[in-house]
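Chemist: pasting the sequence and the predicted coordinates here, then a few questions.
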Amino acid sequence: MKVARLHGPLTMQVDEMPAPEIGPREVLVQVARCGVCGTDVDAYIGKQPRGWTITYPFRMGHELSGTVLAVGADVPTVKPGDAVVADGRLTCGYCYYCRRGMWSACQNAGYFSGGLAQYAAYPFPNLVKVPAGVSLAEAAFAEPLACVVNGQAKIDVAPGSVAVVIGDGPIGLMHAQMLRHRGAYTVLVGLLDHRLAVAERLGINRTVNAKREDPLAVVKEVSDGRGGDVVVLAAGSVSVLKQAIDLAARRGQVLYFAATLAPEVTLDLDLIHYKELRLVGSYDSTIAQYEDALALIRACVVQVRPLISHELPLGQVQEGFEIARRQEGLKVQVDHAL
């Protein structure tokens with residue numbers, strides 16, 4: 001089979017490898033789609049995302065969907081022909097966190113990325129069936145949207161409140177749609193007009209290009225001077241984290257969703273004290289949240305098809321990573337049928 005691997009910074013290569021064999025509790029998936037995410041791009045340019053151990057050649061591709069080709073003898077949940085998405089986290093099932101259902105915090109977890117290969121094998125508990133009415137292109141958003149669902153579960157959103165999302169990438173646009181659905185007047189702050197135009201078409205109340213407008217002035221204007229009741233950090237940088245705290249209203253909530261990848265950050269912590277802010281982190285998701293994500297897509301609560309800007313064959317994976325690195329579109333997907 002063909003598989004794309006990172007052979008060094010800025011060097012993706014399509015290699016030939018044996019197709020995987022499956023055990024009694026495993027499922028062989030023919031991969032259909034795989035999205036390129038921001039963390040993939042960090043690894044591509046030579047950074048080492050926290051929690052990743054990169055040795056070359058390195059496999060990526062965790063935003064995937066596909067079709068079941070074969071199942072092991074002890075697989076009770078799926079059958080050949082089923083459309084599925086796969087969670088790459090390989091949990092132990094017995095540690096403190098697994099016993100309490102907090103699978104994403106497993107103390108002994110491994111990880112497998114099978115999206116940039118023609119075929120991939122996963123343990124059957126790691127698969128979720130794609131509901132009718134959701135395409136495989138849309139289903140490939142299950143992983144990032146599940147992470148958004150996990151973050152949204154950590155914040156309270158009152159109807160009529162003002163929510164601010166900083167970051168105009170796919171994650172930011174999914175967060176903004178969720179907040180709008182929960183009843184908040186939603187402001188999306190970004191830097192790229194073509195992305196902000198998509199947000200406007202998706203019904204986001206207010207978009208701000210921070211190169212031309214002052215986000216704080218806009219947020220004060222739409223909130224009667226108080227700031228954002230909820231601020232979501234959907235772009236990973238120290239300056240954006242500081243901006244999120246500045247934009248938050250008294251007793252506001254700041255969701256620290258996107259990592260800065262900075263070893264140290266200097267913040268005015270007195271702002272958190274005097275404004276009585278709630279600063280909460282969010283990382284990863286659970287398999288149940290994959291199911292929630294697919295349900296949100298099926299119900300059109302979160303529209304993901306407008307976020308796909310580029311669809312490329314596996315042979316053009318390097319071009320896809322370059323497009324994502326240059327932020328020329330929104331979501332780049334590898335389409336294995338091309």
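Modeler: Yep, that arrived. For clarity, every value in this text was computed on a predicted model and none was experimentally measured.
Chemist: which residues does the spatially most central residue of the chain contact?
Modeler: The residue lying closest to the centre of the chain (C-alpha atoms, centre = their mean) is residue 144, at 2.5 Å. Residue 144 makes contacts with 35, 37, 63, 170, 171, 174, as judged by C-beta atoms under 8 Å, 6 or more residues apart in numbering. For the C-beta atoms, the positions are set from N, CA and C on the backbone; glycine is no exception.
Chemist: helix, strand or coil for the fifth one?
Modeler: If I follow you right, that is residue 171. Assigned with DSSP: H, G, I helix; E, B strand; the rest coil, residue 171 falls in the helix class.
Chemist: shouldn't it be in contact with residue 234?
Modeler: Yes. At 4.9 Å, residue 171 and residue 234 qualify as touching, with contact defined as C-beta atoms under 8 Å.
Chemist: who's more crowded, those two?
Modeler: When neighbours are counted by other C-beta atoms under 10 Å, residue 171 and residue 234 differ, and residue 234 comes out ahead with 28 against 25.
Chemist: for that one, which non-adjacent residue is spatially closest?
Modeler: Nearest residue to residue 234, sequence neighbours excluded (C-beta to C-beta, 6 or more residues apart in numbering): residue 167, at 3.2 Å.
Chemist: what pLDDT does that neighbour get?
Modeler: The per-residue pLDDT reported for residue 167 equals 98.
Chemist: neighbours around the nearest residue to residue 78 once chain neighbours are set aside, how many?
Modeler: Of all residues beyond its chain neighbours, the one nearest residue 78 is residue 68 (5.1 Å), with distances taken as C-beta to C-beta, 6+ apart. The tally of other residues near residue 68 (other C-beta under 10 Å) stands at 22.
Chemist: strand partners (parallel or antiparallel) of the helix or strand hosting residue 68?
Modeler: Assigning secondary structure by DSSP states H and E places residue 68 in strand 63-71. Paired strands of strand 63-71, with direction, are strand 26-36 (antiparallel), strand 83-86 (antiparallel) (DSSP bridges).
Chemist: residue 58 is nearest to which of those strands?
Modeler: Checking the strands paired with strand 63-71 against residue 58 by C-beta to C-beta gives strand 26-36 as the closest, at 14.3 Å.
Chemist: following element in sequence after that closest one, please.
Modeler: Next in sequence after strand 26-36, counting helices and strands by DSSP H and E, comes helix 38-44.
Chemist: now do that next one, average pLDDT.
Modeler: Rounded mean pLDDT across helix 38-44 is 95.
Chemist: what is it packed up against?
Modeler: Under the contact criterion of 3 or more C-beta pairs under 8 Å, 6 or more residues apart in numbering; DSSP states H and E, helix 38-44 touches helix 317-325.
Chemist: the helix or strand just after the helix it packs on pairs with which strands?
Modeler: Next along the chain after helix 317-325, taking DSSP H and E as the criterion, comes strand 331-335. Its sheet considered, strand 331-335 pairs with strand 26-36 (antiparallel), strand 308-312 (parallel) by DSSP bridges.
Chemist: which residues of this protein fall in helices?
Modeler: 38-44, 96-99, 136-139, 142-152, 170-181, 193-201, 215-222, 238-247, 269-274, 287-298, 317-325 (DSSP state H).
Chemist: chain center to the third one: distance?
Modeler: Looking back up the chat, that one is helix 136-139. Computed by C-alpha atoms, centre = their mean, to the nearest Å, the chain-centroid distance of helix 136-139 equals 14 Å.
Chemist: who does that helix touch, helix- and strand-wise?
Modeler: The elements that helix 136-139 packs onto, with contact taken as 3+ C-beta pairs under 8 Å, 6+ apart, are strand 26-36, strand 63-71, strand 83-86, helix 287-298.
Chemist: give me the contact list for that helix.
Modeler: With contacts defined as C-beta under 8 Å, 6+ apart, helix 136-139 is touched by 32-33, 65-67, 83, 85, 130, 294, 297, 304-305, 308, 311, 333, 335.
Chemist: how about low-confidence regions in this protein?
Modeler: Residues of the chain that meet the criterion pLDDT under 70 are absent altogether.
Chemist: which residue ranges make up each domain of it?
Modeler: 2-143+285-335, 155-281 (automatic domain parsing).
Chemist: can I get the ones you listed in JSON lines including distance to residue 149?
Modeler: Shown next, in JSON lines, are those (distance: least, C-beta to C-beta, whole Å):
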{"stretch": "domain 2-143+285-335", "distance to residue 149": "5"}
{"stretch": "domain 155-281", "distance to residue 149": "8"}
